[in-house]
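K.L.:
build me a model:
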Amino acid sequence: MYNIIMKNAANKTLYLVPDWANIPSYNNYQYYTIRNPYTSSWQTISVKRDGYCVITLPNSSSFGLNWILAPGDNGMVYFTFNKPTTGTAYPVSNT
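P.N.:
Model (predicted):
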């Protein structure tokens, strides 16, 4: 499990983008387990090839994102505040 602490990230959107260029082509889906920042419960997110996850961050001065790295090469991922220009968005529930 990994824990990323972000300061001054209130009301921003975080994008979790699998590194599809380095993930085997036979793997058309990625699965990530993330602790939902709104419900404090763990949830698994399925991301189809060329897609990315969208996480709207809570209104808080400091935020901790807990997630579990996918196994093997499939764990290659980028976190960014810049919205990807291509691909399908898979929102992480904020309810």
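K.L.:
doesn't Thr33 belong to a strand?
P.N.:
Yes: looking at Thr33 with DSSP: H, G, I helix; E, B strand; the rest coil, it is inside a strand.
K.L.:
gap between it and Ile68?
P.N.:
4 Å (CB to CB, to the nearest Å). Glycine gets a C-beta too; all of them are placed from N, C-alpha and C.
K.L.:
ditto for Met6
P.N.:
Met6 sits 18 Å away from Ile68, going by CB to CB.
K.L.:
what is the neighbour count of Leu16?
P.N.:
With neighbours defined by other CB atoms under 10 Å, the count for Leu16 comes to 21.
K.L.:
one more: the one 4 residues further on?
P.N.:
The number of residues packed near Trp20 is 17, by other CB under 10 Å.
K.L.:
next, the residue lying farthest from the centre of the chain: secondary structure please.
P.N.:
The outermost residue of the chain, judged by C-alpha distance from the chain's mean C-alpha position using CA atoms, centre = their mean, is Tyr26 at 21.0 Å. For Tyr26, the assignment made with three-state DSSP gives coil.
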